[in-house]
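Novice: what follows is a predicted structure for the sequence shown.
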Amino acid sequence: MAPASTVPLGQRKPMAVYANAFDVTQIPVKVYEQYDVMTPDVESIRWRHRIVERLQNHEAPRVFRLCLFDGKSILYSAVSLDLPDGNSGNYTLMVPGKGRVTVKVARVAGEAVTFDDLKNFLNGKISDQTPKVSVALNLLQFIIRQAPNLKYPNNGRAYFTGAGSKDLRGGLQLFRGFFQSVRPAIGRVLVNVDISAAAMYKPGPFVDIALEVLNIRGNARALSYKKHSKEWNILSQFFRNVLVDIKLPKKTVTKKIVGLVEAAGRFQFTREQEDGSSLPTTVAEYYHKTYNIRLSFPDIIGIELSRGSGKNTVIPAELCTVAAGQRYTRKLPQNMTSMMVDFSKFRPEKRLEMIIGQKGDRVQPPTLEYATSPYIQDAGMEISEKPITLQGQLLRPPTIFYGKKQSADVNNGAWNITRQHLHSPETIRAWAVVDYSLRLDQNVVKGFMDTLEQCCTSRGMSVKSKPSYKRGSGVGSVERDIKEACSLALVSAGAPPGYNKPPEIVLVILPQSAADIRQDVKRAGDVLLGVSTQCVREDNITKFTGGRMDQYCNNIAIKINARLTGVNSIPSSPAFDWFTKEDFIFFGADVGHPGPGIQNKPSVASVVFSYDRHGVKYSATSRVQQPRQERIGELGPMVYDAISRYGKVNGKAPRRLMFFRDGLSEGEYTGVGELEFQDIKEAIRRVWAEVKLNDPWPLVTYLIVGKRHHVRFFPTNPQDGDRKSGNVQAGFVASEGIANPIAKDFYLLSHGGLLGTSRPAHYIVLKDENFDFDIRPIQEVAYALCHAYVSATRSVSIPAPVYYADKVCARAEYHFDTSLRYMDDSATVASTSTSEKQSFNLSQWRSGYAQTHTSMLARMFFA
């Protein structure tokens, strides 16, 4: 372990910024009692909130008016509740859309909640975040969130309003809102407030929404679909678990959709008569006789509200209205994702204005309501109206070295390679083009390839032959096309008979929308054939000319060089050079999970690791594990393989390891983080024991890199920000004033902002045997690695190994056998039942997951 004073550091200068956090100037002094809210027939959090709202504002406001609800089953009160039976009481409510509901409220035996331990924790008198501290922090969350969460659609942490909403079409719309979170810092409590956005189901007649989802203009008769048709599957997936209001002559009820029924008006069931006999009837006849409603469209789909033999409840679609205020929690289609990004992005000055708020804004931020919230006032809590100012530092960027000992000047995270030779350029002896474009002439392709070849040679690469050309046949023939293209390339390059190594690169030209072909290309190259591939879209070939085409081809050239095991550039800074002076490995690790609501697909864990002396060449390995399991189940064997492979390449063992872990939440730091650190240590022990090494074990630094947070920085002086985007400059780092009381952590804004407000990465140092928990050299090493991403000539938002691990997880689709339908969300069943989780067939997915081809292990196919 290095004493802090022995690690050299680069230059840094002080800089002050605003942060979107507000001081809690007065922590509550009241004592809160806990009560159980028991609603045995109500599982939905949405309905539980509505029930508590009825209790507070309609049924028993005198008793429950200022209680705080956790959204699940606990109610907090600063006074003893006057319940009918003393410590408990039953209430029967009429909840609109739900009907009659019985609620039991009972006092919880045990200690009341106070804020004494929280205050001691903030002041350093308690070193650990004890359960009492956690409960107190959660109670502060409920105090600030209670008022808006009872009023607006929310996800617990953020609430959303229809003011300024945007129509997405396809049955969806976008709402804006605000995220709020109480966060402890050293000596203070902060409220983090940020702009947020959510996709919402569009309210309105079910028939109209269904037609919009299918992008059909016409009347309802178009919805006469048969079960399992393409349109049926689209609608089934879209409307699953959506709430609809069913309007009857004397009442409106709200129910959840669990399925669809074809020709709902013709659906037959047995209806019991007054004399006890049963007669068959149809849904259309039932509604006519019971409610005097004649169905206009008996042949279109209907809604199923419950399942089971003889227990179906079928409702005609024309009587249903999609209920307002429902969040869409599934993954958005690609075209809607870009619209969501556009809807959510604001320049820093505008974002801060919206967070602070102005009287008369269409969407009022919570910061304007803290002073008047009855829950905050009742608690005796006070929150500053002004955002905090942080004193941070601006790190000097690393030097970026290219070939011939040239270096590039870094300006706000970007640099130019136009006149640079790559650090270690590779040779292309044979290469091929497979053309799947729809409109490109072969001469246009030839011109593009000539420009690409010129850019490769200008960057120092050696190109020994012209690329062969093959016209691709399309989906279903991609593997054969690439095989034939490889053979043509070897012939074109003059390879001797019997030469069976693949060409260096196969460049594949894709039409604008070709996800299926691209998936087949990457599976064929990375998994089946072991040949490097580079995809190019035909619209990029046609839209770029002159200097822009050169820039585009330069970007492709650096990707190709990296995939051929070349080195484009290397970063250098005092702390980075100190760390890499000894034999070392940089690790990046991540776990990718299936989309929201999907339980019958596995998670995929990835680990990437450097194996060269500059820390810029990486290899990758991945594993399949249980759905939503955050701990990397096979981390030990994966690290064992990495260290073993490093030893084979370099002929020696590493002395230092730096492990960057992506994706862990705060609640997993001590649990998952500690277990994974032990897994790393066990892997080291195994290698040393099997190879019989006498060298000391490598020193390990394990840190988490967080991206899913809402902390943002804003220049206090516009002149200190980036002139184009208005963001804080790349290289800003902050810890003091926002640091976690129990962990060494910091926020680093490593990239130059282009659009919207840049998000810094949050680094939490859990274990550190290399720097003795001096975060200054760790900041510098992390910042240098943000300049080591081989596919870019600008710094990225997280260290390159973390970025690579994330991309390896995203490429899991290329490794699964197509029969498993990993990418087909319509083949999934959204269920969270215990029985389905227990019956998940992991072995089936593991056997259907092919590892990367051995010839690709040293090639950065994921970059």
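Specialist: In hand now; what should we look at? Numbers count the residues shown, from 1 in each chain.
Novice: ranges for the helices of the stretch 601-750 of the chain?
Specialist: Applying DSSP state H, counting those that start in this stretch to the stretch 601-750 of the chain gives helices spanning 635-650, 674-691.
Novice: what comes up buried for the longest one?
Specialist: What that stands for is helix 674-691. Of all the residues in helix 674-691, those buried under the rule 16 or more other C-beta atoms under 10 Å are 676-677, 679-681, 683-684, 686-688. (C-beta placed from N, C-alpha, C; glycine too.)
Novice: dump the residues you listed into CSV; add distance to Ser384 as well.
Specialist: What follows is the buried residues of helix 674-691, written out as CSV (distance: C-beta to C-beta, whole Å):
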residue, distance to Ser384
Glu676, 38
Phe677, 38
Asp679, 43
Ile680, 42
Lys681, 44
Ala683, 48
Ile684, 48
Arg686, 53
Val687, 53
Trp688, 54
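Novice: Pro502 and Cys486 touch, don't they?
Specialist: Yes. Judged on C-beta atoms under 8 Å, Pro502 makes contact with Cys486 at a distance of 5.2 Å.
Novice: name the residues contacting each of these two.
Specialist: Residues touching both Pro502 and Cys486 by C-beta atoms under 8 Å, 6 or more residues apart in numbering: 529, 531.
Novice: can you give me the helices for the stretch 451-600 of the chain?
Specialist: 478-492, 515-522, 538-543, 546-563, 574-581.
Novice: so which of those helices is nearest Leu422?
Specialist: Comparison of these against Leu422 by C-beta to C-beta identifies helix 546-563 as nearest, at 5.6 Å.
Novice: got any ranges where this protein has weak pLDDT?
Specialist: Scanning the chain for pLDDT under 70 picks out 1-5, 41, 306-312, 359-363, 825-838.
Novice: for it, list the residue farthest from the centre, please.
Specialist: Here the centre of the chain is the reference, and by C-alpha atoms, centre = their mean the most remote residue is Asp275, at 59.4 Å.
Novice: run through who's touching stretch 272-281.
Specialist: Stretch 272-281 has contacts (C-beta under 8 Å, 6+ apart) with 268-271, 289.
Novice: tell me which residues of the helix or strand encompassing Ala16 are tucked away?
Specialist: Element membership for Ala16 (DSSP states H and E) is strand 12-26. Neighbour counts over strand 12-26 (16+ other C-beta under 10 Å) mark 12, 15, 17-24 as buried.
Novice: of those residues, which is the nearest to Arg240?
Specialist: Asn20 (35.8 Å).
Novice: tell me, what residue is most central in this protein?
Specialist: Nearest to the mean C-alpha position of the chain, by C-alpha atoms, centre = their mean, lies Arg708 at 7.1 Å.
Novice: ok, now how distant is that one from Thr701?
Specialist: 22 Å (C-beta to C-beta, to the nearest Å).
Novice: what pairs with the strand holding Ala16, parallel or antiparallel?
Specialist: Partners of strand 12-26 in the sheet, by DSSP bridges, are strand 188-201 (antiparallel), strand 382-395 (antiparallel), strand 713-715 (antiparallel).
Novice: ok, which of those comes nearest His787?
Specialist: strand 382-395 (11.1 Å).
Novice: mind checking how far that closest one is from the chain centre?
Specialist: Remark: strand 382-395 is offset 27 Å from the chain centroid, using C-alpha atoms, centre = their mean, to the nearest Å.
Novice: buried residues in it?
Specialist: For strand 382-395, by 16+ other C-beta under 10 Å, it's 383-384, 387-388, 390, 392-395.
Novice: okay, now stretch 641-658: how far is its last residue from its first?
Specialist: This stretch, stretch 641-658, spans 16 Å end to end (C-alpha to C-alpha, to the nearest Å).
Novice: hmm, back to that, closest to Arg65 out of the helices of the stretch 451-600 of the chain?
Specialist: helix 515-522 (53.6 Å).
Novice: quick one, that closest one and helix 478-492 angle?
Specialist: Inter-element angle recorded for helix 515-522 and helix 478-492: 50 degrees (by axes from the mean of the first three to the mean of the last three C-alpha atoms, to 10 degrees).
Novice: roughly how far is helix 515-522 from the heart of the chain?
Specialist: 23 Å.
Novice: check stretch 394-414 too.
Specialist: 30 Å.
Novice: just the residues contacting it, thanks.
Specialist: 10-15, 415-417, 420-425, 460, 568-573, 576, 722, 729-733, 750-752, 779-780, 783-784, 787, 793-795.
Novice: and what of stretch 83-103?
Specialist: 37-42, 47, 50-51, 54-55, 58-60, 63, 104-107, 245, 252-254, 323.
Novice: now list the buried members of the residues you listed.
Specialist: Neighbour counting by 16+ other C-beta under 10 Å classes 37, 39, 42, 47, 50-51, 54-55, 59-60, 63, 104-107, 245, 254, 323 among these as buried.
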